[in-house]
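Asker: Could you look at this predicted model? Sequence included:
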Amino acid sequence: MPASKTILFRSHIRKRKNCHKKKKTASKKPAFDDCRKQESESESEDDGFSLKGSAPSHSHGVQPLGNLYYSSSPHNSRNTGLGNLQTLTDELILDILALLEGPHLGVLSTVSKAFYVFCNHEPLWRNLVLEGEGFCFTGSWKSTFVDGYMPFFGFLSSGLKVRDFYSDYLFQSWLCANLEMKHEWLERDNIVRRKGISVDEFVLNFEEPNKPVLLEGCLDNWGALKKWDRDYLVELCGDVEFAVGPVEMTLEEYFRYSDQAKEERPLYLFDPKFAEKVPQLGLDYDVPEYFNEDLFSVLGKERPDYRWIIIGPAGSGSSFHIDPNSTSAWNAVIKGSKKWVLFPPDVVPPGVHPSPDGADVASPVSIIEWFMNFYAATKNWKKKPVECVCNAGEVIFVPNGWWHLVINLEDSIAITQNFVSSRNLLNVLDFLKRPNACTLVSGTDDRVNLHDKFKNAIEASLPGTIDHLTLKAEEKKAQSKKPSFWESVTDSKAGAFKFSF
């Protein structure tokens, strides 16, 4: 889990090729579905974009702005319906509408067709639902709110199609929810894969040099791999509630939601207390031998959150982040598959803008949006990202400090744990004593004192460990600065030998 706060932004939608080619003076306006078909055919040929098989056109008729040039009418009903507010950006309008309660949104949606479209924007109703204590998802966030809170408000019904409404921002929200992953986004698989290696080989070749690796075959004895399907988990967990974003839900409630959800940022079940809530879940898996050294365990019950069960539908996942507290991590897929994109600590992913202190990270609204707008840029980078698809039964090692993005390609279940080994202990201690540690440290209520508690616990449980690792680090640093033979026998300033033959 990322310790920093994420700030989301919407990038400009990619230009729609065919819709820009027509002149505004066209004598006949084609239907939007025809334009979508042309766009789909063009993108299939040129870019490989395709919509999900069951994806309808936008529920309220919103079209990308480029389609305005395809229209026989010069008017954008977005602008005519907003009146003097048309000068505001779509983002600002939605920010203002987010301040309103559900009934007020419903009333405002009757003012004009433009307000109808904006007030029916699903993320507005999602926020209203999630502000409550629980929900029973009924196909859309608006219908969920109305059914649960305001069933007597008939004017809150949806379904109106609006003609000549053009907005890149609103259209891209729909597009990201309905776009299939391109083959090009999945085909690059350049991670190192290993099966049956020893712990020493893992440490030497991957953990010490801080390089990711995908490990095969080390989950074969897990009970979870054999038992963890939906029916087993629902029966085992019963009425126990798990963390799903800002709310708590039973697995049965969550699966009901995930089966119906068609949005660009599906809710992700990500619970750090699952083994305490349902102890059998913790007994159904074992930590792979490569990650047995876990020094945060010296803190006992005061250790930060470190293990999570992760469940989500296709399209759910985690946008770019660095794992908390400078820890390393492993992530094991039990059901489904995940696409991973990782960048080393010295390379910030395109489209991602961390604040100087690392407390905030600005990134695209959704994972699909990042792929649409920024993935292609990495093709020509000298330091290309490490990528792979991690399937059921496989484990990926995520070294400390690496940026990574993960998206589920299908309904998926996974276990992940963060850990501190002797290879990254000093990094973790340095991180925990930063001046702004109180804003960066996560997974604990005592952020200010975590460094001292951890250091004291290590010195009490493993005396001499910190001094030994510090000495080794200094020796390694000195060795790296030692001049080479050529540097020792040449005068770098004069370019001549220091001695003669």
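Answerer: Thanks, I have the structure now. Residues are numbered from 1 along each chain as shown.

Asker: Verify the stated contact: Ala332 with Val398.
Answerer: No - the criterion here is Cβ atoms under 8 Å, and Ala332 misses it with Val398 at 11.6 Å. In this view, the C-beta of every residue, glycine as well, is placed from N, C-alpha and C.

Asker: Could you list the low-confidence segments of the stretch 401-501 of the chain?
Answerer: 482-501 (pLDDT under 70).

Asker: list the contacts for Val213?
Answerer: Residues in contact with Val213, defined by Cβ atoms under 8 Å, 6 or more residues apart in numbering, are 191-194, 202, 205-206, 396-397.

Asker: Who is it paired with across the strands?
Answerer: Beta-bridge pairing for Val213 (DSSP bridges): Phe397.

Asker: State the distance from it to Trp340.
Answerer: Separation of Val213 from Trp340 (Cβ to Cβ, to the nearest Å) stands at 12 Å.

Asker: okay, and the common contacts of these two?
Answerer: 191, 396.

Asker: Just give me the longest helix of this structure.
Answerer: In the chain, taking DSSP state H as the definition, the longest helix is helix 465-481.

Asker: related to what we said a few turns ago, just the buried ones out of the contacts of Val213, please.
Answerer: 191, 194, 202, 206, 396-397 (16 or more other Cβ atoms under 10 Å).

Asker: picking up where we left off before, can you list the contacts of Val213 in JSON lines and add distance to Glu101?
Answerer: Listed next are these as JSON lines, based on distance: Cβ to Cβ, whole Å:
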{"residue": "Ile191", "distance to Glu101": "48"}
{"residue": "Val192", "distance to Glu101": "53"}
{"residue": "Arg193", "distance to Glu101": "52"}
{"residue": "Arg194", "distance to Glu101": "55"}
{"residue": "Phe202", "distance to Glu101": "54"}
{"residue": "Asn205", "distance to Glu101": "57"}
{"residue": "Phe206", "distance to Glu101": "52"}
{"residue": "Ile396", "distance to Glu101": "43"}
{"residue": "Phe397", "distance to Glu101": "47"}
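
Asker: May I ask which two of those are separated the most?
Answerer: Asn205 and Ile396 (15.1 Å; Cβ to Cβ).

Asker: residue contacts, the residue nearest to Thr327 when sequence neighbours are not counted?
Answerer: Leaving aside its chain neighbours, Thr327 sits nearest to Asn418 (4.0 Å; criterion: Cβ to Cβ, 6 or more residues apart in numbering). By Cβ under 8 Å, 6+ apart, the residues touching Asn418 are 306-307, 323-325, 327-329.

Asker: wait, is Asn418 part of a helix?
Answerer: No - remark: Asn418 does not belong to a helix; assigned using DSSP: H, G, I helix; E, B strand; the rest coil, it is strand.

Asker: Show me what it bridges to in the sheet.
Answerer: Ala329.

Asker: Grab the nearest non-local neighbour of Lys465.
Answerer: Careful, residue 465 is Thr and not Lys. Nearest non-adjacent residue to Thr465 (Cβ to Cβ, 6+ apart): Ile458, at 6.0 Å.

Asker: contact partners of whichever helix or strand the one you found is part of?
Answerer: Assigned by DSSP states H and E, Ile458 belongs to helix 450-461. Residues from elsewhere that reach helix 450-461 (Cβ under 8 Å, 6+ apart): 295-296, 298-299, 302, 304, 425, 428-429, 432-433, 437, 441, 444, 446, 465-466.

Asker: Quick one, which of those are buried?
Answerer: Judged by 16+ other Cβ under 10 Å, buried ones among the contacts of helix 450-461: 295-296, 298-299, 304, 425, 428-429, 432, 437, 441, 444, 466.

Asker: Just the ones of those residues in strands?
Answerer: Counting by DSSP state E, no part of the buried ones among the contacts of helix 450-461 is found in strands.

Asker: Distance to Arg163 for those - can I get that in CSV?
Answerer: Putting the buried ones among the contacts of helix 450-461 into CSV (distance: Cβ to Cβ, whole Å) gives the following:
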residue, distance to Arg163
Leu295, 63
Phe296, 59
Val298, 66
Leu299, 62
Pro304, 54
Leu425, 63
Val428, 58
Leu429, 62
Leu432, 58
Ala437, 55
Val441, 53
Thr444, 54
Ile466, 69
